[in-house]
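Peer 1: Would you be able to build a 3D model of this:
(chains A, B, C and D)
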2 protein chains.
Amino acid sequence: MSGERVPTANMAMVARVAGVSRATVSNVLNHPDRVHPDTVAAVNAAIHQLKFVRNGLARTLAAGHANNIGIIVSGFDHSYSSEIIVSAQDKAIEAGMHVVITCSNHDIALQDDHLRYLHGEGVAAVILVPMPNSDASISRAIGRGTRLILIDYDGEPLNCSSVRIDNIATGRLAATYLLESGKSRLHFVGPDGDRVVIRDRCRGVTEAVGFAGMSVSTVQGLSREAATAQGREIASLARDGLIDGVIAATDIIGMGVIFGLKEIGLKVPEDVAVVGCDYNAFAWRGDVTLTSVDLLSETVGATAMQLALDQVKGRVQAPCNIVLQPRLVIRGS
Amino acid sequence: MSGERVPTANMAMVARVAGVSRATVSNVLNHPDRVHPDTVAAVNAAIHQLKFVRNGLARTLAAGHANNIGIIVSGFDHSYSSEIIVSAQDKAIEAGMHVVITCSNHDIALQDDHLRYLHGEGVAAVILVPMPNSDASISRAIGRGTRLILIDYDGEPLNCSSVRIDNIATGRLAATYLLESGKSRLHFVGPDGDRVVIRDRCRGVTEAVGFAGMSVSTVQGLSREAATAQGREIASLARDGLIDGVIAATDIIGMGVIFGLKEIGLKVPEDVAVVGCDYNAFAWRGDVTLTSVDLLSETVGATAMQLALDQVKGRVQAPCNIVLQPRLVIRGS
DNA sequence: CTGAAAGCGCTTACAG
DNA sequence: CTGAAAGCGCTTACAG
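Peer 2: Sure thing, here's the model as predicted:
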């Protein structure tokens, strides 16, 4: 157990080489305008020569504020997560902040752990895409004083900023499109369980159609295999003329349905039209491209980061809850 | 600019509440066995009462070693990244370490930035899945003293531990399988550019087949759209009887080819068999599932983390370079 | 078993 | 414009 770090250059060494005090080195790094140009040059030369990289831990500790923001996601199996991360990071970089990501791997205990960990590491704020039913964990984080921004949070109202998509509107948008395309016997298919997101999408469909006009079925889980299997079931309903439009709660399911329909020779969208609800880049692209509802991942990520930055910079105190309206993207299904 | 942190409990407060010194609180946290059980209980009660979370920055700074390991990936658009992260994190957690992820978004400057940043944050080690042509950036990190583990690095030999898949074997495996399935007119299709990974896979195919027995084509980029378009081109070659087996450098391309073939009524794998080379869970399993070469992402991630931990714990000094042999997974194509 | 003291590498008023 | 000094929140020998 001797994994000592190779002795790295620190500010004291830079100061010595440059012939100045540590305070001056610090000033060159943080407020170069307050330092004589010649001194700046000398210090920078020393920094360069010693390959000095400032210790960010000590910096944060001494300065009392961090220059990084944490993002916790539960997994990368949906393109939504990655898209949020990328757009959030872009915004953070503009503001001179770093982003560290943490993955809870769909494990609520791990999510809790990451929340504690990032708090302990003193990140300036945490953006969380919370797992369902993690209210307790979230409240604890807020209680601890973590600056938290919630994405697509669907639990009890919390004293915390958030950004989310209107999932009822998502379902309504999908259903309305099918109705306007002349379809009338709609079917909603979503994963089992009682996730609010899915329930909302279903509710949106119901609002647009009315209970009488629709049927509903369920897929076990979120896998492609299960989606394809259920697609075959739905195809048989379609063959019997019971269905002419399908709203799939997820794009993966939507593609499964399309494969099921085509397998028995039904034409998409002529015989049966299919709309997905989560614009998943990992789902598109069979020979038929899936029409879906854009959940504006990029806007969501950028907005969440903006809220985080506003809080960090002290520009805003009160929590701010933003609800975004989704957008239908018509493609080939 | 007044985004001050809410005053959080620190060790001094815990010590006061528990009626002990800060050193004792620290001992309760780090070496509970050295402390009287009653004292431990009192301190823990205070910790609980104050919702104290130890400042990890200060801990790392004072202790001289971190309890976290960074992973830098260039994106999450391939399931390989996520799988590596998950398995690496599992191994880290076993060892009581935390994992922070950073995404360079396919930007070599950003990758360099993350490398510097993580070094500055003092992470115990960094696992990097490097972008092509980032040797300079990597050497700099090593020079700085960062403990670096490279995954699938294909540049100049470096004084640094690494894990990689044998990509020549990947191509050979795919081609050999097709030959043994009775196919003889093989075609290799990969993305343009001169990535070593792709060249190696092609070389593996060549080794198995000989130049005379194969043709080669190229896709612009890695998108599904381009893959599908090229799939149509390849399908026309197949229709003319010039091809009866396709090795696709990526699974996304493989699926594009399958869609192209089926569009003109060719049967997969009877008329033309298709094998992918990167076992991408995001390549949609259509009605035909893609036979592919498993790049053992989980082993790669776990092994990389093991190498990192060994170094951190001081169990190993010399760099260790591991080459893993891929494994063919026969599915429906 | 417990605590006083020094120190990790930096920043930030405050003098000069 | 520059530096001496205190302090960020913790850990670690070292006494006791």
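Peer 1: where exactly do the helices run in the stretch 201-333 of chain A?
Peer 2: If you assign secondary structure with DSSP state H, counting those that start in this stretch, the helices in the stretch 201-333 of chain A sit at A:224-239, A:251-263, A:297-312.
Peer 1: for the stretch 1-150 of chain A, same thing?
Peer 2: Secondary structure of the stretch 1-150 of chain A (DSSP H, counting those that start in this stretch): helices located at A:11-18, A:22-30, A:37-50, A:56-63, A:79-94, A:108-120, A:135-144.
Peer 1: and those as JSON lines, adding mean neighbour count and distance to DNA strand D?
Peer 2: To be clear about C-beta, it is placed using only N, CA and C from the backbone, and glycine gets the same treatment. Formatted as JSON lines, the entries for those read as follows, by neighbours: other Cβ atoms under 10 Å in any protein chain shown; distance: least, Cβ to the nearest atom of the strand, whole Å:
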{"stretch": "helix A:11-18", "mean neighbour count": "19", "distance to DNA strand D": "7"}
{"stretch": "helix A:22-30", "mean neighbour count": "18", "distance to DNA strand D": "3"}
{"stretch": "helix A:37-50", "mean neighbour count": "16", "distance to DNA strand D": "4"}
{"stretch": "helix A:56-63", "mean neighbour count": "18", "distance to DNA strand D": "3"}
{"stretch": "helix A:79-94", "mean neighbour count": "22", "distance to DNA strand D": "24"}
{"stretch": "helix A:108-120", "mean neighbour count": "20", "distance to DNA strand D": "8"}
{"stretch": "helix A:135-144", "mean neighbour count": "17", "distance to DNA strand D": "12"}
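Peer 1: could you dump those helices to JSON lines with distance to residue A:207 and mean pLDDT?
Peer 2: Listed next are the helices of the stretch 1-150 of chain A as JSON lines, based on distance: least, Cβ to Cβ, whole Å; pLDDT from 0 to 100:
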{"stretch": "helix A:11-18", "distance to residue A:207": "62", "mean pLDDT": "91"}
{"stretch": "helix A:22-30", "distance to residue A:207": "55", "mean pLDDT": "92"}
{"stretch": "helix A:37-50", "distance to residue A:207": "62", "mean pLDDT": "91"}
{"stretch": "helix A:56-63", "distance to residue A:207": "49", "mean pLDDT": "95"}
{"stretch": "helix A:79-94", "distance to residue A:207": "24", "mean pLDDT": "96"}
{"stretch": "helix A:108-120", "distance to residue A:207": "31", "mean pLDDT": "96"}
{"stretch": "helix A:135-144", "distance to residue A:207": "26", "mean pLDDT": "93"}
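Peer 1: Which of those sits closest to residue A:269?
Peer 2: Using Cβ to Cβ as the criterion, the shortest distance between residue A:269 and the helices of the stretch 1-150 of chain A is 23.0 Å, found for helix A:79-94.
Peer 1: How about that closest one and chain B, touching?
Peer 2: Yes - using Cβ under 8 Å from any Cβ of the partner chain, we find that helix A:79-94 touches chain B at A:79, A:81, A:82, A:85, A:86, A:89, A:93.
Peer 1: Tell me which of the helices of the stretch 201-333 of chain A sits most buried.
Peer 2: Per-residue neighbour counts averaged over each of these give the maximum for helix A:251-263, namely a mean of 27 (mean count of other Cβ atoms under 10 Å in any protein chain shown).
Peer 1: hang on, the earlier thing: of the residues of helix A:79-94 next to chain B, closest to residue A:255?
Peer 2: Nearest to residue A:255, judged by Cβ to Cβ, of the residues of helix A:79-94 next to chain B is residue A:79 at 13.3 Å.
Peer 1: Excluding chain neighbours, what is closest to that closest one?
Peer 2: Distances taken as Cβ to Cβ, 6 or more residues apart in numbering or on different chains put residue A:281 closest to residue A:79, at 3.6 Å, once the chain neighbours are dropped.
Peer 1: ok, stretch A:305-315 near DNA strand C or not?
Peer 2: No - when contact is scored as Cβ under 7 Å from any atom of the strand, no part of stretch A:305-315 falls within range of DNA strand C; the minimum is 13.9 Å.
Peer 1: and what of stretch A:13-23?
Peer 2: Yes - in terms of Cβ under 7 Å from any atom of the strand, part of stretch A:13-23 sits within range of DNA strand C, namely A:22, A:23.
Peer 1: can I get the residues of helix A:79-94 next to chain B in TSV with distance to DNA strand C?
Peer 2: Rendered in TSV, the data for the residues of helix A:79-94 next to chain B read as follows (distance: Cβ to the nearest atom of the strand, whole Å):
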residue	distance to DNA strand C
A:79	38
A:81	33
A:82	32
A:85	27
A:86	28
A:89	23
A:93	19
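Peer 1: Which members of the residues you listed are the farthest-apart pair?
Peer 2: With distance counted by Cβ to Cβ, no two of the residues of helix A:79-94 next to chain B lie farther apart than A:79 and A:93, which are 20.9 Å apart.
Peer 1: Can you give me the pLDDT of the residue nearest to residue A:311 when sequence neighbours are not counted?
Peer 2: Counting by Cβ to Cβ, 6+ apart, residue A:311 lies nearest to residue A:147, which is 5.2 Å off, once chain neighbours are set aside. Listed pLDDT for residue A:147 reads 95.
Peer 1: which ones are touching residue A:147?
Peer 2: Contact criterion Cβ atoms under 8 Å, 6 or more residues apart in numbering or on different chains gives A:124, A:125, A:126, A:308, A:311, A:312 as the residues in contact with residue A:147.
Peer 1: what does the model give the first one for pLDDT?
Peer 2: Meaning residue A:124. In this model, residue A:124 is scored at 96, pLDDT.
Peer 1: Wait, it touches residue A:69, no?
Peer 2: Yes - counting by Cβ atoms under 8 Å, residue A:69 is a contact partner of residue A:124 at 5.6 Å.
Peer 1: If you count surrounding residues, which of these two has more?
Peer 2: Neighbours of residue A:124 and residue A:69, each counted by other Cβ atoms under 10 Å in any protein chain shown, are more numerous for residue A:69; the result is 27 against 22.
Peer 1: give me the beta-bridge partners of that one?
Peer 2: According to DSSP bridges, the residues that bridge with residue A:69 are residue A:99, residue A:125.
Peer 1: Isn't it up against residue A:127?
Peer 2: Yes - the pair residue A:69 / residue A:127 is scored as a contact, 6.7 Å apart, by Cβ under 8 Å.
Peer 1: which residues do those two both contact?
Peer 2: The overlap between the contact sets of residue A:69 and residue A:127 (Cβ under 8 Å, 6+ apart) consists of A:88, A:305, A:308.
Peer 1: The least confident helix or strand in chain A by mean pLDDT vs chain B: in contact?
Peer 2: Evaluated with mean pLDDT, DSSP states H and E, the helix-and-strand set of chain A has its lowest mean pLDDT in helix A:224-239, which scores a mean of 86. Yes - Helix A:224-239 is in contact with chain B by Cβ under 8 Å from any Cβ, via A:224, A:225, A:228.
Peer 1: Switch the residues you listed over to TSV; also include distance to DNA strand C.
Peer 2: Shown next, in TSV, are the residues of helix A:224-239 next to chain B (distance: Cβ to the nearest atom of the strand, whole Å):
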residue	distance to DNA strand C
A:224	49
A:225	52
A:228	55
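Peer 1: Of these, which ones also sit close to DNA strand D?
Peer 2: When Cβ under 7 Å from any atom of the strand is applied, no member of the residues of helix A:224-239 next to chain B is adjacent to DNA strand D.
Peer 1: got CSV for those residues, with distance to residue B:277 too?
Peer 2: Conversion of those to CSV gives the following (distance: Cβ to Cβ, whole Å):
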residue, distance to residue B:277
A:224, 20
A:225, 22
A:228, 23
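Peer 1: So which of those residues is the closest to residue B:75?
Peer 2: If you rank those by distance to residue B:75 using Cβ to Cβ, residue A:224 comes first, at 20.9 Å.
Peer 1: Not counting its neighbours along the chain, what's nearest the closest one?
Peer 2: That would be residue B:285: by Cβ to Cβ, 6+ apart, it lies 5.3 Å from residue A:224.
Peer 1: Next one: that neighbour relative to DNA strand C, how far apart?
Peer 2: 51 Å (Cβ to the nearest atom of the strand, to the nearest Å).
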